[in-house]
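Undergrad: A structural model of the following input is requested.
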Amino acid sequence: MAIGVVITWWLLARGDYKGIFNTNQLHCLTALAFAFVVFWAYVTFSQYFLIWNANVPEETFWYNIREHGDWLWVGMLLLFGHFFLPFFAWLRYRNKAEIRPALRISLWIAVIILVDLCYNVLPALRDGHDDPQPFLSLNLLWVATSVIGVGGICAWSYLRSFPTAKLIPIRDPRIVEALTHHDAAAPEPGAVPAAH
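TA: Residues are numbered from 1 along each chain as shown. Here you go, the predicted structure:
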């Protein structure tokens, strides 16, 4: 969802969605990104709570090795940077309805998701003392190069198919509904509420 917001910003900046993409559509897109932030927190906390409550050594080791060295601070970064910061940022309507704040939040989430992947994978690599290798190590360089490599291939593939693909599915039977999307629960700024 974060990359979707970034691509939407790029298409808006190019002018491809001029007159088509409106504030309500952006709000729906960013509200879905907000929902995924909450879902990530729910799943992650549930996993932690179940493993902690069961107290089975075959499972608790996963968290034990992530309490060594700088991995504890990476875990705290994920707690605050992947949940609390985006959660409170997405609560503000302006951040969901305007592209620039939504872009900043989405870029932050994309970086934190990469840190989360490192947190899940890299502590399995051990040093000579059988301790997990630190977060800030040569392994981070391999992560960065693989992200650049695979991300570069994906970006190249997207940009290569871009001139031949239509951005709007014109044969979709619900295209008119999608292009004229509006949310009745959130009136436009300055609109007078209807009398009941």
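Undergrad: only C-alpha atoms from now on, for both contacts and neighbour counts.
TA: Will do.
Undergrad: give me the next element, helix or strand, following the longest helix seen in the chain.
TA: The longest helix of the chain (DSSP state H) is helix 23-54. Where DSSP states H and E defines the elements, the next helix or strand beyond helix 23-54 is helix 57-64.
Undergrad: ranges for the strands of this protein?
TA: Counting by DSSP state E, the chain has no strands to list.
Undergrad: output the below-cut-off pLDDT ranges for it.
TA: Low-confidence regions of the chain, defined by pLDDT under 70, span residues 128, 183-196.
Undergrad: switch the cut-off to 50
TA: 186-187, 189-196 (pLDDT under 50).
Undergrad: what comes up buried for stretch 16-23?
TA: Neighbour counts over stretch 16-23 (16 or more other Cα atoms under 10 Å) mark 17, 21-23 as buried.
Undergrad: returning to that earlier point: and the longest helix of the chain, what does it pack against?
TA: helix 2-14, helix 57-64, helix 85-91, helix 93-97 (3 or more Cα pairs under 8 Å, 6 or more residues apart in numbering; DSSP states H and E).
Undergrad: using TSV, lay out the ones you listed together with mean neighbour count and distance to Trp71.
TA: As requested, these are exported to TSV (neighbours: other Cα atoms under 10 Å; distance: least, Cα to Cα, whole Å):
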stretch	mean neighbour count	distance to Trp71
helix 2-14	16	25
helix 57-64	13	10
helix 85-91	16	20
helix 93-97	18	31
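Undergrad: now do the contacts for Ala97.
TA: 23-24, 26-27, 30 (Cα atoms under 8 Å, 6 or more residues apart in numbering).
Undergrad: kindly indicate which of those lies nearest Val37.
TA: Within the set of the contacts of Ala97, Thr30 lies nearest Val37; the separation is 10.5 Å, counting by Cα to Cα.
Undergrad: ignoring the adjacent residues along the chain, who's closest to that closest one?
TA: Of all residues not flanking Thr30 in the chain, Lys96 sits nearest, at 5.4 Å (Cα to Cα, 6 or more residues apart in numbering).
Undergrad: before we move on, what about Val37?
TA: Phe83 is the one closest to Val37 (Cα to Cα, 6+ apart), at 6.2 Å.
Undergrad: the one you found is in contact with Ala41, isn't it?
TA: Yes - counting by Cα atoms under 8 Å, Phe83 sits close enough to Ala41 to count as a contact (6.2 Å).
Undergrad: neighbour count for those two, which is higher?
TA: Phe83 (22 against 18; other Cα atoms under 10 Å).
Undergrad: can you tell me how far that one is from Ile112?
TA: The gap separating Phe83 from Ile112 is 10 Å, by Cα to Cα, to the nearest Å.
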